[in-house]
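**Student:** predicted model and sequence below, questions to follow.
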Amino acid sequence: MSAFCCENDPDPGGQVTKTQRRALWVALVINAVMFGVELTGGLIGKSVGLQADAVDFFGDAANYGLSLSVLGMGLAVRSRVALVKGVTMLAFGLWVAGMLIYHSVNHSLPSAPLMGGIGLVALAANIVCAAILFRFRGHDANMKSVWICSRNDALSNIAVIIAASGVWASGTGIPDLIVGGLIGALAVWGGVTVIRAALAEHRDARRTHHHDFRPAAEIGDD
């Protein structure tokens, strides 16, 4: 799941070949599209699980976008971009928590067929991403990270499918709430982790910048 992937954010300063860049773009587009599909399906079908899984897709799309957008840039720029990603992930995770409370209070019954159908599409999307990135998984930490993201995200898709079966069998929204709560909690955890790491990197970048640009007289005193 993206929460775990983002804990060890790939080094965006690494070198990426044209073939790898294309693979990342394809994975980014797939994840961005599925974010929209699952978010829309979750709202229409009253499924917290789908909404939470949509946040997971958003986290991956942001992860791939970060890897592509700040290649070769300085640590300060990379840390600011990562901070924006972390804050956005945290906001989405808290939004899912709000939806969880709302649907719990109102005893909403999600659409099991919609949950299962979109869950299967999401699973297929992550399998395609994992297959595309598989050949690059041993190239460097960056490519290995994004491949692991797609591989692990299949677990949350399977959880949504199982929850859909539970909703259908029980006639209640409890299985959906449980899965949605777990995935949403991971999104919040991942967002907080990314924010902490980004702030730490930003502090390191400022210290490095201050050290590199000290007055000549001060340097001579060392």
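**Tutor:** Yes, it's here. Residues are numbered from 1 along each chain as shown.
**Student:** which ones are touching T88?
**Tutor:** Contacts were defined as Cβ atoms under 8 Å, 6 or more residues apart in numbering; by that measure T88 touches 58, 62, 191. Where C-beta positions appear, they are placed from N, C-alpha and C, glycine not excepted.
**Student:** show the model's pLDDT score for I44.
**Tutor:** What the model reports as pLDDT for I44 is 93.
**Student:** which residue comes closest to it once chain neighbours are left out?
**Tutor:** Excluding the flanking residues, the one nearest I44 by Cβ to Cβ, 6 or more residues apart in numbering is L114, at 7.0 Å.
**Student:** isn't the one you found up against L43?
**Tutor:** No. Between L114 and L43 no contact is recorded; they are 10.7 Å apart, counting by Cβ atoms under 8 Å.
**Student:** in this structure, where is pLDDT below threshold?
**Tutor:** Flagging of the chain using pLDDT under 70 yields the residue ranges 1-17, 67, 70-78, 137-149, 151-152, 208-222.
**Student:** 50 instead?
**Tutor:** 3-4, 6-14, 213-214, 216-219, 221-222 (pLDDT under 50).
**Student:** which secondary structure elements does the longest helix that it contains contact?
**Tutor:** The single longest helix within the chain, with elements called by DSSP state H, is helix 174-212. Packing contacts for helix 174-212, counted by 3 or more Cβ pairs under 8 Å, 6 or more residues apart in numbering; DSSP states H and E, involve helix 2-7, helix 48-69, helix 75-106, helix 141-170.
**Student:** tell me how far stretch 164-183 lies from the chain's centre.
**Tutor:** Going by Cα atoms, centre = their mean, to the nearest Å, the spacing between the C-alpha centre of stretch 164-183 and its chain's C-alpha centre is 22 Å.
**Student:** sorry, slip of the keys, the one I care about is stretch 35-49.
**Tutor:** Centroid separation between stretch 35-49 and its chain, computed with Cα atoms, centre = their mean, is 16 Å.
**Student:** can you list contacts of it?
**Tutor:** When contacts are taken as Cβ under 8 Å, 6+ apart, the neighbours of stretch 35-49 outside the stretch itself are 50-55, 57-58, 61, 96, 99-100, 103, 108-111, 114-115, 118, 121-122, 159-160, 163-164, 173, 176-177, 179-181, 183-184.
**Student:** how about 6 Å then?
**Tutor:** By Cβ atoms under 6 Å, 6 or more residues apart in numbering, the list of residues contacting stretch 35-49 from outside reads 50-51, 53-54, 57-58, 99-100, 103, 108, 110-111, 114-115, 118, 160, 163, 176-177, 179-180.
**Student:** same deal with stretch 176-184?
**Tutor:** Looking at stretch 176-184 with Cβ under 6 Å, 6+ apart, the contacting residues turn out to be 47-49, 52-53, 93, 96-97, 100, 104, 110, 156, 159, 163, 167.
**Student:** looking at neighbours, which among those is most surrounded?
**Tutor:** G49 (36 neighbours; other Cβ atoms under 10 Å).
**Student:** tell me the spacing between that residue and S108.
**Tutor:** For G49, the distance to S108 equals 12 Å [Cβ to Cβ, to the nearest Å].
**Student:** and for G116?
**Tutor:** As defined by Cβ to Cβ, G116 lies at a distance of 17 Å from S108.
**Student:** just L50 next, same as before
**Tutor:** For L50, the distance to S108 equals 12 Å [Cβ to Cβ].
**Student:** any common contacting residues for the two?
**Tutor:** Common contacts of L50 and S108, defined by Cβ under 6 Å, 6+ apart, are absent altogether.
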